[in-house]
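1. Here is my input; please provide its structure:
(chains A and B)
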Amino acid sequence: MIKDIILQEIKKILKNNLPQENFIDLQPPTNFHFGDYSTSIALKLTKVFKKNPLEIAENIKKNFPKLKEIEKIDVISPGFINFWLSKKYLLKNLEEAYKNNFHFPKFYFGTNKKIMVEFAHPNTHKLFHIGHLRNISIGETIVRIFEALGNKVIRANYQGDVGLHIAKCLYGIKTSKIKIEKLKTLEEKIDFIGKMYTLGTKAYEENENAKQEIIKINQQIYNQDKEILSLWQQTRQWSLDYFEKIYKRVDSHFDRYYFESEMAKRAIEICFEALKKGILEKSQGAIVFNGKKYGLDTRVFINSLGYPTYEGKELALAEKEFSEFGEIDKNIHCVTPEQTSFFKVTFKVQEILNPKITGKQYHLAYEWVNLKTGKMSSREGNIVEANWLIDKIKEKIIKDFKCDEKTAEILAVSSAKYSFLKNSPKTAINFDIDESISINGNSAPYLIYTYVRCRSILNKKNTSLDLSITKDDSIILEIDELNILRKLYQFKEVVLKAGQEFSPNHIATYLYDLTSQYNLFYQKYPILKAKENIKNLRLLITLTTANTIKKGLELLGIKTVEKM
RNA sequence: GCCUCUGUAGCUUAAUGGAUAGAGUAGCGGUCUUCGGAACCGUUGGUGGAGGUUCGAUUCCUCCCAGAGGCACCA
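-> Numbers count the residues shown, from 1 in each chain, chains lettered A, B, ... in the order given. Presented below is the predicted three-dimensional model:
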């Protein structure tokens, strides 16, 4: 890539006389009138060389070789060096985009070129809410970005199917008078489970006998007791069917489902082995990890009743994840940040048990989705279910734009996913339902609308595209055209950055900028009515923009439509 | 009590040790007898507070204020 060549040349000129590796910065500036790449190396070297930064910059400019890719180099006070790509190079760069055959840079975490992304993980017997929707949207795009960057990616989903919340729900069912055989549709069943959970939770808090009964049910679930087993299995399956429907709706799927209920037995074995080796220790009847010597929290792995906690089960999970698919370079856990302490501790224990995985576990802490009115909680009864939100957006699209149901479905799912993905995963979102239903501005429908518009023009052209235009650098470009070419050039580097920084929002922001630029161009200049060679160029810009939008959205896990 | 994270325009948010802090939305004012107006343009408005490091700080450091989360048998 030209970026690496520029870096190499600067290094050569400076005779590698640098304080450290990677000392030279080179990035696209925030504004187009500072060129395509910019570096502040001269400013940084002022102290090292004890020279005026402008002098250093001018020296680099003077000694920089003539390259056909570089049109000009500017030195600007107080000492920036800006590189401008040549028109010829920008036109050549369109090739991959118009052929719709993108070759992204490679980026690996290790030599195996294989990673696991663990995401979604809803709990059975509970609703799949907009927090899960954010999770699955982020996880899905992380998978696709790293595949594009050359990795084999295993999609994993760790679903909680044991625990007190389920005991509460089953208690509710057992004490209610409703016959579950009468429930017909999946929707009825899921609604029923939700209500029974509320019932059980209330009983747990208000009635001591009920509380004891729920604790007993919880243990029965752990022990796969016959008295509860079939009810647990049946209701669990309802949840799994419901989740599967949602995964399909949002265009996700998984290679491997892990269940918490499968982990208990092996968890106990591992914990006792670790106890023998002195990694874990006994304390107040429980088995714990004393994190103090590592600056970590102390956490319980086996509780005093002899049951493995979430921590204990995580050891069994890691053992499976790191052995079932050969060696993996990285295991990315897409989980909210309140689990940071939990992961620090369990990762440490895993590394002591198995030094080979040191540095391979990664907690991608994406933030919460809160409601503007406060935090979501089952107690408050203000859980916003993912399906409900998508349906609301869909209704609005059908009402406002009278498009068919199938198109509205795609646009609604896209809209919901994009509204999460355009934000950094590290930002806690204050969710407003009315705003989220809005489909103007920086939204998926805006991007898709632009794509459709491009397709519509391309379908109207009556001749085939003459691509020789990309080899003709005598053509004179309008500034708006040139800037779209410059923007298109950035696409692949943006994808790389999104991967390196675990920030898919870079892709979303990029697509929005590209789309806005195209719409301005569209507004200002005729395309089909332009003179022949200009028309060719503009159609080419239209085609490459369309392909880039489509590819970019695909990396975000978002589908496009051809008409809307 | 200890630890971690966060604080950007009325609201939702982007970016970064650098150049004029970028959008959407809401408000106000415009464009169009058009290749798809789900569009385009203009405009009002912002880095919680006080210090420090730096040629340069919204970004790094210290303190203060405000909020969120975590810290032993929940998941």
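2. With only the CA atoms kept, save the least confident helix or strand in chain A by mean pLDDT in PDB.
-> Ranked by mean pLDDT, DSSP states H and E, the weakest helix or strand in chain A is helix A:433-437, scoring a mean of 85. Output of helix A:433-437 as PDB, limited to C-alpha atoms (Å, rounded to 0.1, in the frame of the first residue of the first chain):
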ATOM      1  CA  ILE A 433     -37.800   4.900  21.300                       C
ATOM      2  CA  ASP A 434     -39.300   7.800  19.200                       C
ATOM      3  CA  GLU A 435     -35.900   8.900  18.000                       C
ATOM      4  CA  SER A 436     -34.800   5.400  17.200                       C
ATOM      5  CA  ILE A 437     -37.800   4.900  15.000                       C
END
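3. Distance check, A:F83 against A:K92.
-> Computed as Cβ to Cβ, to the nearest Å, the A:F83 to A:K92 distance reads 17 Å. No exception for glycine: its C-beta is placed from N, CA and C like everyone else's.
4. re earlier: let me know whether the least confident helix or strand of chain A sits next to RNA strand B.
-> Yes. Judged by Cβ under 7 Å from any atom of the strand, helix A:433-437 comes into contact with RNA strand B at A:E435.
5. Other residues contacting that helix?
-> By Cβ atoms under 8 Å, 6 or more residues apart in numbering, the residues outside helix A:433-437 that reach it are A:371, A:384, A:389, A:392-393, A:396, A:416, A:419.
6. one step back: which one of A:F83 and A:K92 is surrounded by more residues?
-> A:F83 (26 against 15; other Cβ atoms under 10 Å).
7. wouldn't the more buried one be in contact with A:I6 here?
-> Yes. Look at A:F83 against A:I6 with Cβ atoms under 8 Å: they come within range, at 6.0 Å.
8. Give me the pLDDT value at the nearest residue to A:T544 once chain neighbours are set aside.
-> If the residues on either side of it in the chain are set aside, A:T544 comes closest to A:A97, at 3.9 Å by Cβ to Cβ, 6 or more residues apart in numbering. In the predicted model, A:A97 carries a pLDDT score of 93.
9. do the same with A:R379
-> Reading off the confidence values, A:R379 has pLDDT 71.
10. Mind telling me what element the residue nearest to A:T544 is part of?
-> A:A97 is part of helix A:87-98 when elements are defined by DSSP states H and E.
11. what does A:V345 give?
-> helix A:340-353.
12. Contacts (any at all) between RNA strand B and that helix?
-> Yes. Contact of helix A:340-353 with RNA strand B (Cβ under 7 Å from any atom of the strand) involves A:340-342.
13. Now the element after that helix, going C-ward?
-> Heading C-terminal from helix A:340-353, the first helix or strand you meet, by DSSP H and E, is strand A:361-365.
14. quick one, that following strand and helix A:340-353 angle?
-> Using axes from the mean of the first three to the mean of the last three Cα atoms, to 10 degrees, the direction of strand A:361-365 lies 170 degrees away from that of helix A:340-353.
15. tell me the mean pLDDT over strand A:361-365?
-> Computed over strand A:361-365, the mean pLDDT rounds to 97.
16. where's stretch A:223-243 relative to the chain centroid, distance-wise?
-> Computed by Cα atoms, centre = their mean, to the nearest Å, the chain-centroid distance of stretch A:223-243 equals 31 Å.
17. Can you show me the CA trace of that stretch as PDB?
-> Taking C-alpha atoms only, stretch A:223-243 is exported to PDB below (Å, rounded to 0.1, in the frame of the first residue of the first chain):
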ATOM      1  CA  ASN A 223     -29.200 -31.900  39.500                       C
ATOM      2  CA  GLN A 224     -31.400 -32.600  36.500                       C
ATOM      3  CA  ASP A 225     -34.000 -33.900  38.900                       C
ATOM      4  CA  LYS A 226     -36.800 -35.900  37.300                       C
ATOM      5  CA  GLU A 227     -39.400 -33.800  39.100                       C
ATOM      6  CA  ILE A 228     -38.500 -30.700  37.200                       C
ATOM      7  CA  LEU A 229     -36.500 -31.900  34.200                       C
ATOM      8  CA  SER A 230     -39.300 -32.200  31.600                       C
ATOM      9  CA  LEU A 231     -40.800 -28.800  32.400                       C
ATOM     10  CA  TRP A 232     -37.400 -27.200  32.300                       C
ATOM     11  CA  GLN A 233     -36.600 -28.900  29.000                       C
ATOM     12  CA  GLN A 234     -39.900 -27.900  27.400                       C
ATOM     13  CA  THR A 235     -39.800 -24.200  28.400                       C
ATOM     14  CA  ARG A 236     -36.100 -24.000  27.700                       C
ATOM     15  CA  GLN A 237     -36.800 -25.200  24.100                       C
ATOM     16  CA  TRP A 238     -39.400 -22.500  23.700                       C
ATOM     17  CA  SER A 239     -36.800 -19.900  24.500                       C
ATOM     18  CA  LEU A 240     -34.300 -21.500  22.100                       C
ATOM     19  CA  ASP A 241     -36.800 -21.500  19.300                       C
ATOM     20  CA  TYR A 242     -37.600 -17.900  20.000                       C
ATOM     21  CA  PHE A 243     -33.900 -16.900  19.900                       C
END
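18. neighbouring contacts of it?
-> A:120, A:122, A:124-126, A:128, A:159, A:161, A:166, A:169-170, A:173-174, A:180, A:186, A:189-190, A:193, A:217, A:219-221.
19. Also stretch A:193-211?
-> Counting by Cβ under 8 Å, 6+ apart, A:125-127, A:165, A:167-173, A:175-176, A:214, A:235, A:238-239, A:378-379, A:381 sit against stretch A:193-211.
20. Save the residues of helix A:340-353 next to RNA strand B as JSON lines, and put in neighbour count too.
-> Output for the residues of helix A:340-353 next to RNA strand B, formatted as JSON lines (neighbours: other Cβ atoms under 10 Å):
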{"residue": "A:T340", "neighbour count": "13"}
{"residue": "A:S341", "neighbour count": "13"}
{"residue": "A:F342", "neighbour count": "17"}
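21. doesn't A:I136 make contact with A:A416?
-> No. With contact defined as Cβ under 8 Å, A:A416 and A:I136 do not form a contacting pair (10.8 Å).
22. Which elements pack onto the helix or strand containing A:A316?
-> Applying DSSP H and E as the criterion places A:A316 in helix A:310-321. Helix A:310-321 sits against strand A:256-259, helix A:264-276, strand A:299-302, helix A:340-353, with contacts defined as 3 or more Cβ pairs under 8 Å, 6 or more residues apart in numbering; DSSP states H and E.
23. and those, which is most packed in?
-> Neighbour counts (mean count of other Cβ atoms under 10 Å) averaged over each of the helices and strands packed on helix A:310-321 peak at strand A:299-302, with a mean of 22.
24. What is that one packed up against?
-> Going by 3+ Cβ pairs under 8 Å, 6+ apart, strand A:299-302 lies up against helix A:264-276, strand A:286-289, helix A:310-321, helix A:340-353.
25. Run the chain-centre distance for the longest one.
-> When you say that, I think you mean helix A:340-353. Here helix A:340-353 is found 23 Å from its chain centre; the criterion is Cα atoms, centre = their mean.
26. what pLDDT, on average, does the strand or helix carrying A:Q212 get?
-> A:Q212 belongs to helix A:208-222 when assigned by DSSP H and E. Here helix A:208-222 scores 93 as its mean pLDDT.
27. the inter-axis angle of it versus helix A:264-276?
-> Taking the same axes, to 10 degrees, one finds helix A:208-222 and helix A:264-276 inclined to each other by 90 degrees.
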